[in-house]
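Undergrad: Based on what follows, work out the 3D shape:
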Amino acid sequence: MPVLKWQVLLFCNLTNVKVLKERIEEIITLIAEVANGNFDYEIEASETGDELDALISGISMLGQELKSSTVSRDFMQSIYKGVVDVLLVLNKDFTIRNVNEACEDLFGCKENELRGLHLTEVLDNPDKQGISHIIKALEADGKYMNADAQLMLRKQNRLISVSSSFSYLLNNRQEVDGILIIAKDISELKQKELELKEAKTKAEAANEAKSNFLSSMSHEIRTPLNGIMGFTNLLMETELNPDQEQYVRLINTSGIALTKLLSDILDLHKIEQDKITVEHIPFNIRESITSNLEPYKHLAQSKGLSLTCAFDALVPEVVQGDPTRINQVLINLVSNAIKFTSSGSIHVEIKAGQRTADSTRIPLICTVTDTGIGIPPEKQGLIFDSFTQSDQSTNRKYGGFGLGLAISKKLVNLMQGGIEVLSPLPGLLHGSQFKFTVDVEAVPEAGQMPSPTGPVTKSKLEENVHFLVVDDNELNRMLLENVLKGYGAFVTTARSGEEALQLSKTTEFSLVFMDLQMPEMDGFEATRLLRTAGFTNPIIAFSANVYQEDIQKSLMAGMNDHLSKPFYPSDLDALLQKWMPYLLLS
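TA: Coordinates of the predicted model:
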């Protein structure tokens, strides 16, 4: 009996040893599989729940943790390697720990060559504000920072521009474990920016040169035009036979056309350069428009056309707005109408639109209607484009560059208005009607301009009215002297600013006409010295410089007004009427 018991016990022990051995072998296999990366390998635990089961469970859990961390690591590694920007992982002391392939390509070194080097050993900064500055800034900020810098690659001795971000890397205890740098080589972008800046500088210089050329060209053309148009106007006041009168009018008409073309080219350039500003000044709208239309009445009459103008009763006498630009648009439309009308009439109508009771703004509606050739409906969308006419054959037949309507639309837009065309006229196969609307401001009665004392006519000035004409150009002096003498005034001329100053010391002048561009002493300096010497009567700029900034500059120098070259008789009439209180009129 004892022997049998012993044999049973021995058999059980041997069986347990065998099972234990098999379980240990399974555990060894599990460990090996996990070590080889097979984290999904599993063995079944026994039902006893002993220490070996606990070990198996622990190894399986470790395998799953390793699987999770390895997948994350591989995932991050693939991102790390795949990023096209430069990535560097630094230790806390700014020595290199890891880099990606883009970084290897940039530095020209493999990761194992870079590892352990301080960042300043591979990069330098020529302006002394680079790496050391970034390190200090990062330490001060404590989290992250962005920086653009020029850096020198020491190995290649090549200067690059980089855009970079620096941020701390934290471990699972939220302690700083390293520094991540993401950088992008923006050298090509910076080079493009530099090229664009250079191109912009050259373009601005070219535009400035063009502006200077156009300004000089304008001055040089307007000066002889002043003589041509001025003396033909004087000739038309003399006894001429019909043929002579026709020739003189044709010369004058050509001068008007050339002056307008020159103004159009200059204005288009100014508009394109965004150098035209809109004024907001009080002016007598009836007088202003009537005066500006006067030369074009003669132009229309030379073609056998009638040019009429009517003002609605609701249009105020005085408004605030930009008289120069309103008249310019109106003259462009009238000039076009005269050009494209061979028979019939041109009618200008000025109306005041409806305004609300609580508003001082008045819609000014200006309409120009002609009986000319008209504009085909399919071409009406093109006529407001620069250098465009409804039909290219029109250019050959009627001339012109197609600038007037383009400039008109741009000017109306600047005044925040609108322009439209209707053609042909209702019930006809021809004719056109152009209408533009801009807002003007009503002027309170207390602020209105004084009523005029009547138009200035020849011989209306008293003999003791004394004008001084200052101009280095003999033609301009002779012209203005003869025109002013026609008003019955006494006229003295001076060839320079210095001569004008000397004359002012011995003679009291009622008004001075001052050229702006003169050698040695220009009109600006002469005016300042006259004002310093105590001269208080009006000084009028008489110049071929017609840009708004030229006019403004003359006003700032102490002048009171501006008479452009060439000038129309109506321009001089309006100017003398304006300054009548200073002219000792009877």
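Undergrad: OK, contacts around Met555?
TA: Actually, residue 555 is Leu. It isn't Met. Listed by Cβ atoms under 8 Å, 6 or more residues apart in numbering, the contact partners of Leu555 are His562. (Glycine included, C-beta is placed from N, CA and C.)
Undergrad: at 10 Å instead, please
TA: For Leu555, the residues meeting the contact criterion (Cβ atoms under 10 Å, 6 or more residues apart in numbering) are 541, 561-562.
Undergrad: Mark which of those residues are buried, thanks.
TA: Buried subset of these (neighbour count, 16 or more other Cβ atoms under 10 Å): 541, 561-562.
Undergrad: For Ser510, give its distance to Ser554.
TA: Distance check for Ser510 against Ser554: by Cβ to Cβ, to the nearest Å, it reads 19 Å.
Undergrad: Can you pick out the residue with more neighbours from these two?
TA: When neighbours are counted by other Cβ atoms under 10 Å, Ser510 and Ser554 differ, and Ser554 comes out ahead with 24 against 19.
Undergrad: The more buried one: which element?
TA: Secondary structure here is read from DSSP states H and E; on that basis Ser554 sits in helix 548-556.
Undergrad: So what's the residue count around Met556?
TA: The number of residues packed near Met556 is 11, by other Cβ under 10 Å.
Undergrad: Surely Gln320 is in contact with Glu441?
TA: Yes: assessed by Cβ atoms under 10 Å, Gln320 is found in contact with Glu441 at 3.9 Å.
Undergrad: still on that earlier bit, and the contacts of Leu555, which is closest to His430?
TA: For the contacts of Leu555, the minimum distance to His430 (Cβ to Cβ) is 40.1 Å, reached by His562.
Undergrad: For Gln320 and Glu441, indicate the residue with more neighbours.
TA: Gln320 (18 against 14).
Undergrad: Please identify which helix or strand holds the more buried one.
TA: When secondary structure is defined by DSSP H and E, Gln320 falls within strand 318-321.
Undergrad: what's that strand packed up against?
TA: strand 281-284, helix 285-302, strand 361-370, strand 432-442 (3 or more Cβ pairs under 10 Å, 6 or more residues apart in numbering; DSSP states H and E).
Undergrad: Using CSV, list the CA coordinates for the last one.
TA: The one in question is strand 432-442. Output of strand 432-442 as CSV, limited to C-alpha atoms (Å, rounded to 0.1, in the frame of the first residue of the first chain):
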residue,chain,number,x,y,z
SER,A,432,-26.4,110.2,-79.7
GLN,A,433,-27.1,111.4,-76.2
PHE,A,434,-24.5,111.2,-73.5
LYS,A,435,-25.6,111.8,-69.9
PHE,A,436,-23.5,111.9,-66.8
THR,A,437,-24.6,112.5,-63.2
VAL,A,438,-22.4,113.7,-60.3
ASP,A,439,-23.3,115.0,-56.9
VAL,A,440,-22.6,118.6,-55.9
GLU,A,441,-23.1,120.2,-52.6
ALA,A,442,-25.6,123.1,-52.0
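Undergrad: Could you count how many residues lie near the residue lying closest to Gly116 once chain neighbours are set aside?
TA: The spatially closest residue to Gly116, leaving aside those adjacent along the chain, is Thr95, at 5.7 Å (Cβ to Cβ, 6 or more residues apart in numbering). Here the neighbour count serves as a burial measure; for Thr95 (other Cβ under 10 Å) it reads 16.
Undergrad: wait, Gly431 sits on Thr369?
TA: Yes: Gly431 lies in contact with Thr369 (Cβ under 10 Å); the separation is 7.2 Å.
Undergrad: quick one, which of the two is more surrounded?
TA: Each of Gly431 and Thr369 has its neighbours counted (other Cβ under 10 Å); Gly431 has more, 22 against 19.
Undergrad: Show residues contacting stretch 220-228.
TA: Contact partners of stretch 220-228, identified using Cβ under 10 Å, 6+ apart, comprise 218, 229, 251-252, 254-256, 258-259, 261-263, 471, 473-476, 478-480, 515, 517, 542-546, 564-567.
Undergrad: ok, which stretches of the stretch 151-300 of the chain are helices?
TA: Counting by DSSP state H, counting those that start in this stretch, the segments of the stretch 151-300 of the chain that form helices are 187-235, 242-272, 285-302.
Undergrad: out of these, nearest to Glu279?
TA: For these, the distance to Glu279 is smallest for helix 285-302, at 12.3 Å, taking Cβ to Cβ.
Undergrad: which residues does the residue nearest the centre of the chain contact?
TA: With distances taken as Cα atoms, centre = their mean, Asp274 lies nearest the centre of the chain, 6.2 Å away. Taking Cβ under 10 Å, 6+ apart as the criterion, Asp274 is in contact with Leu414.
Undergrad: can you tell me how far it sits from Gly230?
TA: Shown here: Asp274 relative to Gly230, a distance of 34 Å by Cβ to Cβ.
Undergrad: try Cys366
TA: Applying Cβ to Cβ, one obtains 29 Å for the distance of Cys366 from Gly230.
Undergrad: In terms of neighbours, single out the busier of these two.
TA: More neighbours surround Gly230 than the other of Cys366 and Gly230, with 25 against 22 (other Cβ under 10 Å).
Undergrad: Setting aside sequence neighbours, what's the nearest residue to that one?
TA: If the residues on either side of it in the chain are set aside, Gly230 comes closest to Leu479, at 4.1 Å by Cβ to Cβ, 6+ apart.
Undergrad: sorry, back to before: would you mind pulling up the elements that the very next helix or strand once past the helix holding Ser554 packs against?
TA: Using DSSP H and E, the helix or strand that directly follows helix 548-556 along the chain is strand 561-564. Of the remaining helices and strands, those touching strand 561-564 by 3+ Cβ pairs under 10 Å, 6+ apart are strand 511-514, strand 539-543, helix 548-556, helix 569-578.
Undergrad: What pairs with strand 561-564, parallel or antiparallel?
TA: Sheet pairing of strand 561-564 (DSSP bridges) gives strand 539-543 (parallel).
Undergrad: mind saving the C-alpha coords of the partner strand as PDB?
TA: Output for strand 539-543, consisting of C-alpha atoms alone and laid out as PDB, is shown next (Å, rounded to 0.1, in the frame of the first residue of the first chain):
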ATOM      1  CA  ILE A 539      -0.300 137.500 -58.600                       C
ATOM      2  CA  ILE A 540      -1.500 135.100 -61.300                       C
ATOM      3  CA  ALA A 541       0.500 132.100 -62.400                       C
ATOM      4  CA  PHE A 542       0.800 132.300 -66.200                       C
ATOM      5  CA  SER A 543       2.200 128.900 -67.100                       C
END
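Undergrad: ok now that strand, how far from the chain's centre?
TA: Taking the mean of its C-alpha atoms, strand 539-543 sits 32 Å from the chain's own mean (Cα atoms, centre = their mean, to the nearest Å).
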